[in-house]
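Visitor: Just to be clear, the model below is a prediction. Sequence and coordinates:
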Amino acid sequence: MANPDLIASKDLIAAPALQRNITPFQSFAVAFGFVSIATGIFSAYGAMLSTSGPMGIWTWPLVVFGQLMVALVLGALAARIPVTGYVYQWASRLGNPVFGWIMGWISFTFLAIVLCAVDYTIPATVLPVLLGYTGSVENAWWITACLIFAQAGMIALSTKVTQGFNARAVMVQLIGMIGLIILLFGVGHFSGQMHYANLFSTGNIAATGYFSLGSMTAVGPWVMGTLMGAFTIVGFESAANLAEETHDPARVIPRAMWQAVLSLGLIGMLFLIAVTALLGDPQGPVSATPIADVVTRILGGYIGKALLIMVVISIYSCGLVILLSATRLVWAMSRDQRFPGWHYFRTIHPRLHTPLNATLGVALVGQVILAAFSGDTDALFTLFSAATLLPAMIYAVCVLMYAFKRHSLPATQGFSLGVFEVPVLLLAMLWLGFELVIFRDASFIKPWIYVGLMLLIGAVYLASLLLRGGTAALKMPDMESIDAVMDARPEDRANRG
């Protein structure tokens, strides 16, 4: 009788393959570009001021440390199962195929919503100041729709061009953000506009009970400030979703993850200090575009707008990486015949060598989600809240899977936590438990509704899969076959040799 794992492995080898051409810097650029402090801080800074006041910026180091612990755990997991599809692949092999499908669908739900949240940031928080027009729900909708289609077109046409653009955009963001920080501190200091007392002001938030943990349905003001960092410092694991396109992924991908978190954490903290010190009256009304207002006021029209153009490029690149990661997840699940419309989405275009159909499919889903939120005057808060809740759920599952299955994992070909494994695991669990408890606040009812609806859609499709073929229809190759599958490709044999 034929070995089903061997059959599954042969099927995977015979399936259309992506080209392994991502370099170590491009892997770092994927993780860095997805996290994108320019995107996250521009998106969430205004909401942070409204809920936590300027002193909410001091939640940033806590989030960076917590997410660094998570990145280390996910890096150790990626080094042992370096297969495209990341959490979908990990959960399928460490848990069971049904659980893997559920986690794959949750990951797709996250990527689809965060794509909209990131691209919506451009017309909602930057373009009105950059181009001098009055922002509205309507123009934010159609501008975001155009951005999604532009990103899809680039990804569909060429992975090489996409990676090249993203690598350059990351360099622009690195140089631009460091230059922006230096200019803000320098000009602010010599013009006498730096007010460091702002850093310890609660703004319009009452000082009484400011550090309270809150009640059953409400979170304390300072704790709410962690959402800015929690929304920003996510997506570093996207490097693992391109494992089958990366040279030496077991070594390169974990390093890309933790380096992205550390570098962005440091740059982000300096940027937050500069912007907050230059904010002006901490008890004044909160602008819809607070950071763009500070940049143009302090640095003047020309320099300020040039730097805002840099921010637009960074945010566009972030959305590009998110869409790229989503297409790879859809393709990986479709390759295993598990995604709705998998017959259509599993193909690789013979000339472009890209998952063209999966790219277009994700872009269309993004448009549907965008349309659903188009009439919401608080759309940005709703989008970024949902895009913070979902990765926290995903990370918690991944950390728990690693904790329970770490002794049965395949041997690593690269990264290992060594003697720090248990302390890192415990710290990651504590941080994620703390973060998830925040979402008990009543202000998150809309994100919970979105998550519930997407899970319901996934449950209906999963039920149809199980009714047609039972759990056997979701059979995955076991962990021991992963190296055999990868080694069957000539380029991987060369890498391992």
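Guide: Ah, there it is.

Visitor: Which pLDDT value does the model give the spatially most central residue of the chain?
Guide: Using Cα atoms, centre = their mean, the residue of the chain that lies closest to the mean C-alpha position is Gly235, 2.7 Å off. The pLDDT attached to Gly235 in the predicted structure is 85.

Visitor: my guess is it meets Leu323, correct?
Guide: No. Using Cβ atoms under 8 Å, Gly235 makes no contact with Leu323, being 11.8 Å away. In this view, the C-beta of every residue, glycine as well, is placed from N, C-alpha and C.

Visitor: ok, back up a step: quick check: phi and psi on the residue nearest to the centre of the chain?
Guide: phi 100, psi 0 (degrees, to the nearest 10).

Visitor: Now it: closest residue in space, sequence neighbours ignored.
Guide: Leaving aside its chain neighbours, Gly235 sits nearest to Phe34 (3.2 Å; criterion: Cβ to Cβ, 6 or more residues apart in numbering).

Visitor: and if you look at Leu409?
Guide: Beyond its immediate neighbours in the sequence, the residue positioned closest to Leu409 (Cβ to Cβ, 6+ apart) is Arg80, lying 4.5 Å away.

Visitor: so how far is Gly319 from that neighbour?
Guide: Between Arg80 and Gly319 the distance is 30 Å, computed by Cβ to Cβ, to the nearest Å.

Visitor: who has more neighbours, the two?
Guide: Under the neighbour definition other Cβ atoms under 10 Å, Arg80 and Gly319 were set side by side, and Gly319 has more, 29 against 23.

Visitor: Would you enumerate the residues in contact with that one?
Guide: For Gly319, the contact set (Cβ atoms under 8 Å, 6 or more residues apart in numbering) comprises Thr39, Leu115, Val118, Asp119, Leu147, Ile148, Gln151.

Visitor: which residues touch the third one?
Guide: Meaning Val118. If you count contacts by Cβ under 8 Å, 6+ apart, Val118 has them with Ser36, Thr39, Ser43, Ile315, Cys318, Gly319, Ile322, Ala387.

Visitor: Run a quick neighbour tally on the closest residue to the first one other than its chain neighbours.
Guide: It refers to Ser36. Here the nearest residue to Ser36 in space, its sequence neighbours aside, is Cys318; by Cβ to Cβ, 6+ apart that works out to 3.7 Å. Neighbours of Cys318 under the rule other Cβ under 10 Å: 31.

Visitor: these two touch, right, Cys318 and Thr39?
Guide: Yes. Under the criterion of Cβ under 8 Å, Cys318 is in contact with Thr39, at a separation of 4.4 Å.

Visitor: per-residue pLDDT, Ala277?
Guide: With respect to pLDDT, Ala277 has a value of 96.

Visitor: Name the nearest residue to it, ignoring sequence neighbours.
Guide: Spatial nearest neighbour of Ala277, chain neighbours left out: Met194 (4.7 Å); criterion: Cβ to Cβ, 6+ apart.

Visitor: all helices of the stretch 351-497 of the chain, in order?
Guide: Counting by DSSP state H, counting those that start in this stretch, the stretch 351-497 of the chain has these helices, from start to end: 356-372, 379-405, 421-438, 445-469, 480-487, 490-496.

Visitor: Of the ones you listed, which stretch is the most buried?
Guide: Highest mean neighbour count of those: helix 379-405, a mean of 23 (counted as mean count of other Cβ atoms under 10 Å).

Visitor: Fine by me, thanks again.
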